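[1] I'll drop the sequence and a predicted model, then ask my questions.
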Amino acid sequence: MRATLQPGLDLVEAVRSILGLRQTYNIALVGAGNLGSAIASSTILPKRGFVIHDVFDNDSDKIGRTVGNIVVKHIDELKKSVAEADEIIGIIATPSSSAQAVAEQMVDAGIRVILNYTDVLLHVPYEVDVHRIDPTAQLMHTLYYLTQVGGEAAS
């Protein structure tokens, strides 16, 4: 099967079209602090078919506040919201001490893929896919690349 690009599609849209990824995916984000707010305010995700549909927290100072264009809900509303919005992807942007409990709530709510921005190794059922997002690992990869391509990095 040979794929052809349609005129007027940018590269990302063309790849999404070829891979059959034309639908959008609603995401449940837990953690309305600095990191969670930055993720919820991202304009890149919707362009790629990922919509932060709900933001949750347990901090009464954050609940009811708007993050991006989304009103922060209490974490106790997670299960109901996931079911209503057909959210299968969850993002954890909480303090490390809360990560495992949040992951368990996500699993109980039916989340099938978790992006974990904490340093905690999450224990979830085998059918739930966890991706740890580690900026430090990316920086180390970048440093390795710099030392291999341009000689030793500056000390």
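    Looks like it arrived, so ask away.

[2] which stretches of the chain have low pLDDT?
    Segments of the chain classed as low confidence (criterion: pLDDT under 70) are 1-9, 12-13, 16-17, 19-22, 150-155.

[3] C-alpha coordinates for the longest strand seen in it, PDB please?
    In terms of residue count, the longest strand belonging to the chain (DSSP state E) is strand 50-57. What follows is strand 50-57, C-alpha atoms only, in PDB (Å, rounded to 0.1, in the frame of the first residue of the first chain):
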ATOM      1  CA  PHE A  50      -4.500  15.400  22.400                       C
ATOM      2  CA  VAL A  51      -6.900  17.600  24.500                       C
ATOM      3  CA  ILE A  52      -6.400  18.200  28.200                       C
ATOM      4  CA  HIS A  53     -10.100  17.800  29.000                       C
ATOM      5  CA  ASP A  54     -10.000  17.800  32.800                       C
ATOM      6  CA  VAL A  55      -7.600  19.000  35.400                       C
ATOM      7  CA  PHE A  56      -7.800  17.700  39.000                       C
ATOM      8  CA  ASP A  57      -6.100  18.500  42.200                       C
END
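
[4] in its sheet, what does that strand sit against?
    strand 25-30 (parallel), strand 70-74 (parallel) (DSSP bridges).

[5] how about those in JSON lines, adding mean neighbour count and distance to residue 112?
    C-beta coordinates here come from the backbone N, C-alpha and C atoms, glycine included. Shown next, in JSON lines, are those (neighbours: other CB atoms under 10 Å; distance: least, CB to CB, whole Å):
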{"stretch": "strand 25-30", "mean neighbour count": "23", "distance to residue 112": "11"}
{"stretch": "strand 70-74", "mean neighbour count": "18", "distance to residue 112": "20"}
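
[6] need those strands in a markdown table with distance to residue 120, can you?
    Shown next, in a markdown table, are the strands paired with strand 50-57 (distance: least, CB to CB, whole Å):
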| stretch | distance to residue 120 |
| --- | --- |
| strand 25-30 | 13 |
| strand 70-74 | 22 |
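
[7] where's residue 43 relative to residue 137, distance?
    For residue 43, the distance to residue 137 equals 25 Å [CB to CB, to the nearest Å].

[8] what kind of secondary structure is the residue nearest the centre of the chain in?
    Taking CA atoms, centre = their mean, the centroid of the chain lies closest to residue 91, which sits 4.2 Å from it. Under DSSP: H, G, I helix; E, B strand; the rest coil, residue 91 falls in the strand class.
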